[in-house]
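Chemist: show me how the following folds:
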Amino acid sequence: MSLIVQKFGGSSVADAESIKRVAKRIVATKKAGNDVVVAVSAMGDTTDDLLDLAHEVAPIPAPRELDMLLTAGERISMALLAMAIRNLGHDARSFTGSQAGMLTDARHGAARIVDVTPGRVREALDDGAIAIVAGFQGFNRGTGDITTLGRGGSDTTAVALAAALDADVCEIYTDVDGIFTADPRVVPKARKLDRVTSEEMLELAASGAKVLYIRAVEYARRHGVTLHVRSSFNNNAGTIVYNPSKPGHDENGDPVEEPIIAGVAHDLSEAKITVVGVPDVPGKAAQIFNIVARSGANIDMIVQNVSAAATGLTDISFTLPKADAQGVLTALTVERDAIGYQALQHDDQIGKLSLVGAGMRTNAGVSAQLFTALYDAGINIEMISTSEIRISVVTRADMLNDAVRAVHRAFGLDGESEAVVYAGTGR
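Modeler: Just a heads-up that it's a prediction; the model follows:
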């Protein structure tokens, strides 16, 4: 008997009919002879609606109370889903994150999982029941408070349960047929990947691909959890995200020819800050980024210009989440005299495009082909960053979708037919 963990997102349980459809799929998995644990998100846009409501009541909601509010969405979903499964004649037990043993640190809104003790979930499985766990939430033993894991927390919940229960696979159900070579909402002819390495998926997720959240991919990679990304609207095979035993081998350990490019990701959630006129002397970059670090911002790309010979000054640019930009600008402004820079520039109209593929390691000319494709499309490049299997560029936000389509086409990634997006509001 296999143990399968399944995760269903908000679009998959958006209304009563959707919940009943998901219940039938879960029961079918159980009837096939499997033990089943399910992590479920809040229905549709419930989380966003609760956030809107909170901000109507209080412009800056108390973090503890906000977590108490937001976890209500998943509790509604888990209870309704358990009811629907019971109505089909199968035992189902719903558990909050704390009841399922999801132990976290004390940070509200973006808690990290520190341990998983799924004793009650295991007990339910031993009794032949289907366990339904509220995603996105946990419990801190020190404070005794409920916490939330941040956006994508239900994915992380599912992966953490799969690791703790030693599940055979963690199935992530979504509103598309799997992982595509690009976002099918932007590139209609994006092709579905049959398999992708966890290393490539980590880069895609970090670069803006939203089908899987980076924390879930990190957790799966660290704990050796195999992910299967599938649509909740059909029975198509989906995409396997696996941890190869060594480069150039598939999930079964057999040698395979790795594709040069796995996909193109894009991200509109970042801003760029430029510190203008920084004295080009040792220690200034360390001074700047220590201030940035203390503000809690997560830096992505960094570029330092060659200093001007006449002035001995240089410019340092970096990208970061838009939500963190104002805090960083304030912190740097306070320390202006200590750093000695001339000015700050803030640009929130940028977009990042990333080309990802394990085959880059052994294939020359990928950068030239990328830059040629962007040039032919009339796209200007503002920043460049690379890793062993990724090239990222920053361009204007209003040109990003055109850039994604041009690069996707240039690398021969277009499929013959258009991909199908079954649901989701894009909110």
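Chemist: what about the helices in this protein?
Modeler: 16-31, 46-57, 63-87, 119-126, 153-165, 198-206, 214-223, 284-294, 322-334, 336-339, 366-376, 400-410 (DSSP state H).
Chemist: what packs against the shortest one?
Modeler: Okay, so that is helix 336-339. Where contact means 3 or more C-beta pairs under 8 Å, 6 or more residues apart in numbering; DSSP states H and E, helix 336-339 is packed against helix 284-294. Using the backbone N, CA and C atoms, a C-beta is placed for each residue, glycine as well.
Chemist: could I have the helix it packs on exported to CSV, CA atoms only?
Modeler: Output in CSV follows, covering the C-alpha atoms of helix 284-294 (Å, rounded to 0.1, in the frame of the first residue of the first chain):
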residue,chain,number,x,y,z
LYS,A,284,31.3,50.6,1.2
ALA,A,285,29.4,47.7,-0.4
ALA,A,286,29.5,45.8,3.0
GLN,A,287,28.2,49.0,4.7
ILE,A,288,25.3,49.3,2.3
PHE,A,289,24.3,45.7,2.3
ASN,A,290,24.5,45.4,6.1
ILE,A,291,22.0,48.2,6.3
VAL,A,292,19.8,46.4,3.7
ALA,A,293,20.1,43.2,5.7
ARG,A,294,19.0,44.9,8.9
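Chemist: quick check: which helices or strands does that helix pack against?
Modeler: If you count contacts as 3+ C-beta pairs under 8 Å, 6+ apart, helix 284-294 packs onto strand 270-279, strand 313-321, helix 322-334, helix 336-339.
Chemist: any chance of those in TSV, plus mean pLDDT and distance to Glu123?
Modeler: Shown next, in TSV, are the helices and strands packed on helix 284-294 (pLDDT from 0 to 100; distance: least, C-beta to C-beta, whole Å):
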stretch	mean pLDDT	distance to Glu123
strand 270-279	97	45
strand 313-321	96	40
helix 322-334	96	41
helix 336-339	96	58
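Chemist: can you redo these as a markdown table with distance to Ala397?
Modeler: A markdown table is the format used below for the helices and strands packed on helix 284-294 (distance: least, C-beta to C-beta, whole Å):
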| stretch | distance to Ala397 |
| --- | --- |
| strand 270-279 | 10 |
| strand 313-321 | 12 |
| helix 322-334 | 11 |
| helix 336-339 | 28 |
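Chemist: mind putting these in JSON lines, distance to Arg409 and mean neighbour count included?
Modeler: Shown next, in JSON lines, are the helices and strands packed on helix 284-294 (distance: least, C-beta to C-beta, whole Å; neighbours: other C-beta atoms under 10 Å):
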{"stretch": "strand 270-279", "distance to Arg409": "24", "mean neighbour count": "20"}
{"stretch": "strand 313-321", "distance to Arg409": "26", "mean neighbour count": "20"}
{"stretch": "helix 322-334", "distance to Arg409": "29", "mean neighbour count": "15"}
{"stretch": "helix 336-339", "distance to Arg409": "44", "mean neighbour count": "11"}
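Chemist: which of those sits closest to Asp15?
Modeler: With C-beta to C-beta, the closest approach to Asp15 among the helices and strands packed on helix 284-294 belongs to helix 322-334: 30.4 Å.
Chemist: now what about the closest one, what contacts it?
Modeler: 269-271, 273, 275, 288, 291-292, 294-298, 320, 339, 341, 344, 346, 348 (C-beta atoms under 8 Å, 6 or more residues apart in numbering).
Chemist: same question, stretch 391-409
Modeler: By C-beta under 8 Å, 6+ apart, stretch 391-409 touches 181-183, 186-187, 190, 207, 264, 266, 268, 272, 301, 319, 349-355, 360, 366-367, 370, 373-374, 376-377, 379-386, 414.
Chemist: now do stretch 371-381
Modeler: So stretch 371-381 is contacted by 393-396, 399, 402-403, 406-407, 409-411 (C-beta under 8 Å, 6+ apart).
Chemist: which PyMOL command selects the buried ones in those residues?
Modeler: Restricted to buried positions by 16 or more other C-beta atoms under 10 Å, the PyMOL selection for the contacts of stretch 371-381 reads:
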select buried, resi 393+394+395+399+402+403+406+407+410+411
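Chemist: just give me the closest of the contacts of stretch 371-381 to Ala106.
Modeler: Val394 (35.3 Å).
Chemist: show me what contacts the closest residue to the closest one other than its chain neighbours?
Modeler: Nearest non-adjacent residue to Val394, counting by C-beta to C-beta, 6 or more residues apart in numbering: Met383, 3.9 Å away. Met383 makes contact with 272, 301, 303, 317, 319, 393-394, according to C-beta under 8 Å, 6+ apart.
Chemist: now with 6 Å?
Modeler: 301, 303, 394 (C-beta atoms under 6 Å, 6 or more residues apart in numbering).
Chemist: chain neighbours aside, what residue packs nearest to the residue minimising distance to the centre of the chain?
Modeler: Centroid-nearest residue in the chain: Tyr213, 1.8 Å away (criterion: C-alpha atoms, centre = their mean). Distance criterion C-beta to C-beta, 6+ apart; nearest residue to Tyr213, sequence neighbours excluded, is Gly152 at 2.7 Å.
Chemist: wait, that neighbour touches Ile214, no?
Modeler: No - if you go by C-beta atoms under 6 Å, Gly152 and Ile214 don't touch, sitting 7.7 Å apart.
Chemist: and the gap between Ala72 and Leu66?
Modeler: Ala72 sits 11 Å away from Leu66, going by C-beta to C-beta, to the nearest Å.
Chemist: who has more neighbours, these two?
Modeler: Set Ala72 next to Leu66 and count neighbours by other C-beta atoms under 10 Å: Leu66 wins out with 19 against 15.
Chemist: okay, the more buried one: pLDDT?
Modeler: Listed pLDDT for Leu66 reads 97.
Chemist: again with the one 3 residues further on
Modeler: At Leu69, the predicted lDDT confidence score is 97.
Chemist: check the burial of it by counting its neighbours.
Modeler: Leu69 - counted by other C-beta under 10 Å - has 18 other residues nearby.
Chemist: and for the one 10 residues further on?
Modeler: Ala79 has 16 neighbours, counted by other C-beta under 10 Å.
Chemist: contact partners for it?
Modeler: For Ala79, counting by C-beta under 6 Å, 6+ apart, the contacting residues are Ser94.
Chemist: ok, and what's touching stretch 1-19?
Modeler: 22, 29, 33-44, 77, 80-81, 84, 154, 158, 161-162, 165, 167-175, 232, 423-424.
Chemist: buried ones only from those, please, as a ChimeraX command.
Modeler: Entered in ChimeraX, the line below selects the buried ones among the contacts of stretch 1-19, by 16+ other C-beta under 10 Å:
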select :22,29,34,35,36,37,38,39,40,41,42,43,44,77,80,81,84,154,158,161,162,165,167,168,169,170,171,172,173,174,175,232,423,424
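Chemist: I appreciate the help and will end here.
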